[in-house]
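Q: no FASTA, just this:
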């Protein structure tokens, strides 16, 4: 290929370069809401065909594995269906006995995670559903293992999910057996520790054994009760009145290729607790390793 | 040069964009898989005037930042700089050679990741070191290999003078 002398930057080229640099700096200084607005608008317009292509590719990539999973689920469903009428009748009887109204069936929307290459931002995910699928902000995002995050920004066909590793993430949590309550937050804002969570606000005299499963408590109404968050792996620190425990997350955001977005209806009515929470759906045992009173402070 | 050659070059660029959004996720971790979008940008930049290259870099960065809004702006800045200097350096220093092109793809990827990591401020200490000394060179290498394969496969289509694009 011939390279001509006209390749050197002209005045117009330099001006264009400086303008692009200036626009980049302006973009970096924009408030979060404006950034998200621009990003959502682009995802909903010019980038939409490319994101749909990526979504199709993701579906194709995992179609074989999902086919096997669907077959297994079908077999399980066939087995369960044999007992369904009896269970439903029993459920109706119990509801009638308790005087409860028939609750609306909650739903969920499956979505593909559209992994993006950004070494500096592993803390948010882009998923392949948006307003068209009825997604709204603050809806919980789960994987088969447990909680992945919460929907933050919704576009027409995509949504941005804040994972549990995001510095702003907080969730009201409890031990699976309901013996301990606290707030779960990321353990650190950067470095390898960002991939751990911590359970804060546990009263000083209340010990939590290693291996205890931590689930959402439903307090606040954003996250339904009973979604697994992680497992206690040790005590991080203690203050005069509280203990802070390290939690090994149930789901790593990078491992999630498909997620379920729980519709608001799925959480409604469960926040109050009782047997109608989501612990059963995730197969969480209600018993926990021995915990209880902490030893006295030396 | 035939008039259709110009369109062939654009077809290759579109192919790279399509590869980025289709098969890239099957090529391993996003931190290592070749960045076909950056590859398309570099191939365009080394055949275009510096100003137009900077604008193309800005637009590619804008598209990338729209998909990862947490680092909004960092991608635009990084791609603008990389595209501009790739275009300038190719005109001033580099000869048309397969290995030289491969090195340009490797270096471009590494510098892009360096700028994004530094400007976004989200990676510090050991994480930054790992990113710059391990993951970025690895991604640069895979991108360079992919670029060389594309150049070899489409050598006739890509033999377009800069002023013809």
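A: Happy to help now that I have it. Just so it is clear, the structure is predicted and the values come from calculations on it, not from any experiment.
Q: what residue ranges in chain A score low on pLDDT?
A: Across chain A, the ranges flagged by pLDDT under 70 are A:1-8, A:79, A:82-83, A:86, A:89-90, A:92-106, A:115-122, A:189-193, A:264-276, A:286-298.
Q: quick one, strands of it?
A: Secondary structure of chain A (DSSP state E): strands at A:108-112, A:124-127, A:140-143, A:146-154, A:159-163, A:171-175, A:181-186, A:197-203, A:206-207, A:213-216, A:228-238, A:242-249, A:258-262, A:292-293.
Q: which stretches in chain B count as helices?
A: Remark: helices assigned in chain B by DSSP state H are B:3-22, B:36-45, B:50-67, B:74-92, B:98-120, B:125-130, B:136-153, B:155-158.
Q: any buried residues in the longest one, and which?
A: Yep, that's helix B:98-120 we're talking about. B:101-102, B:104-117, B:119-120 (16 or more other CB atoms under 10 Å in any protein chain shown). The way it works is simple: take the backbone N, C-alpha and C, and place the C-beta from them, glycine included.
Q: overlap between those residues and the residues near chain A?
A: Counting by CB under 8 Å from any CB of the partner chain, B:113, B:116-117, B:119-120 from these sit close to chain A.
Q: residue 143: neighbour count?
A: No chain specified, so I'll use chain A. For residue A:143, the number of neighbouring residues by other CB atoms under 10 Å in any protein chain shown comes to 20.
Q: you answered for a different chain; I wanted chain B.
A: For residue B:143, the neighbour count with other CB under 10 Å is 26.
Q: okay, buried residues for stretch A:44-61 please.
A: Going by 16+ other CB under 10 Å, stretch A:44-61 has these buried residues: A:44, A:47, A:50-51, A:54-55, A:57-58, A:61.
Q: right, and residue A:263 touches residue A:110 too?
A: No: using CB atoms under 8 Å, residue A:263 is not in contact with residue A:110, being 11.6 Å away.
Q: in terms of neighbours, single out the busier of the two.
A: Ranked by neighbour count (other CB under 10 Å), residue A:263 and residue A:110 place residue A:263 first, with 18 against 13.
Q: number of nearby residues for the closest residue to residue B:111 other than its chain neighbours?
A: The shortest distance from residue B:111 to any non-neighbouring residue, by CB to CB, 6 or more residues apart in numbering or on different chains, is to residue B:82 (5.6 Å). Using other CB under 10 Å, residue B:82 has 28 neighbouring residues.
Q: surely residue B:82 is in contact with residue B:113?
A: No: the pair residue B:82 / residue B:113 is not scored as a contact, 9.9 Å apart, by CB under 8 Å.
Q: tell me the bridge partners for the residue nearest to residue A:201 when sequence neighbours are not counted.
A: Residue nearest to residue A:201 in three dimensions, not counting chain neighbours: residue A:182, with 4.2 Å by CB to CB, 6+ apart. Here residue A:182 sits in beta bridges with residue A:173, as judged by DSSP bridges.
Q: same question for the one 4 residues further on.
A: Residue A:186 has the following beta-bridge partners by DSSP bridges: residue A:197.
Q: and residue A:215, by the same measure?
A: For residue A:215, the beta-bridge assignment (DSSP bridges) gives partners residue A:174, residue A:228.
Q: quick one: it and residue A:227 touch, right?
A: Yes: counting by CB under 8 Å, residue A:215 touches residue A:227, with 6.0 Å between them.
Q: joint contacts of those two?
A: Common neighbours of residue A:215 and residue A:227 (criterion: CB atoms under 8 Å, 6 or more residues apart in numbering or on different chains): A:146, A:282.
Q: can you lay out the strands of chain A as JSON lines showing distance to residue B:11?
A: Listed next are the strands of chain A as JSON lines, based on distance: least, CB to CB, whole Å:
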{"stretch": "strand A:108-112", "distance to residue B:11": "28"}
{"stretch": "strand A:124-127", "distance to residue B:11": "28"}
{"stretch": "strand A:140-143", "distance to residue B:11": "38"}
{"stretch": "strand A:146-154", "distance to residue B:11": "35"}
{"stretch": "strand A:159-163", "distance to residue B:11": "33"}
{"stretch": "strand A:171-175", "distance to residue B:11": "49"}
{"stretch": "strand A:181-186", "distance to residue B:11": "45"}
{"stretch": "strand A:197-203", "distance to residue B:11": "48"}
{"stretch": "strand A:206-207", "distance to residue B:11": "66"}
{"stretch": "strand A:213-216", "distance to residue B:11": "50"}
{"stretch": "strand A:228-238", "distance to residue B:11": "49"}
{"stretch": "strand A:242-249", "distance to residue B:11": "44"}
{"stretch": "strand A:258-262", "distance to residue B:11": "33"}
{"stretch": "strand A:292-293", "distance to residue B:11": "69"}
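Q: can you tell me which of the ones you listed is nearest to residue B:16?
A: Among the strands of chain A, the nearest to residue B:16 by CB to CB is strand A:124-127 (20.7 Å).
Q: just tell me which of the helices of chain B ends up closest to residue A:143.
A: Comparing the helices of chain B under CB to CB, the one sitting nearest is helix B:50-67, at 20.6 Å.
Q: residue A:277 touches residue A:218, doesn't it?
A: Yes: look at residue A:277 against residue A:218 with CB under 8 Å: they come within range, at 6.7 Å.
Q: what's the spacing between the residue nearest to residue B:111 and chain A?
A: 12 Å (CB to the nearest CB, to the nearest Å).
Q: got a list of what that residue touches?
A: Residue B:82 makes contacts with B:38, B:41-42, B:45, B:57, B:108, B:111-112, B:115, as judged by CB under 8 Å, 6+ apart.
Q: and those as TSV, adding pLDDT and distance to residue B:142?
A: What follows is these, written out as TSV (pLDDT from 0 to 100; distance: CB to CB, whole Å):
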residue	pLDDT	distance to residue B:142
B:38	95	11
B:41	96	16
B:42	94	14
B:45	93	19
B:57	96	20
B:108	94	13
B:111	95	16
B:112	93	14
B:115	92	19
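Q: what is the nearest of those residues to chain A?
A: Nearest to chain A, judged by CB to the nearest CB, of these is residue B:57 at 7.1 Å.
Q: who's in contact with the spatially closest residue to the closest one that is not a sequence neighbour?
A: Once flanking residues are discounted, residue B:57 sits nearest to residue B:83: 2.9 Å by CB to CB, 6+ apart. Each residue near residue B:83 by CB under 8 Å, 6+ apart is listed here: B:41-42, B:44-45, B:53-54, B:56-57, B:60.
Q: now the two most distant members of those residues.
A: Farthest apart among the contacts of residue B:83 by CB to CB are B:42 and B:54. That separation is 13.0 Å.
Q: got any ranges where chain B has weak pLDDT?
A: Applying pLDDT under 70 to chain B picks out residues B:1-5, B:70, B:94-95, B:159-165.
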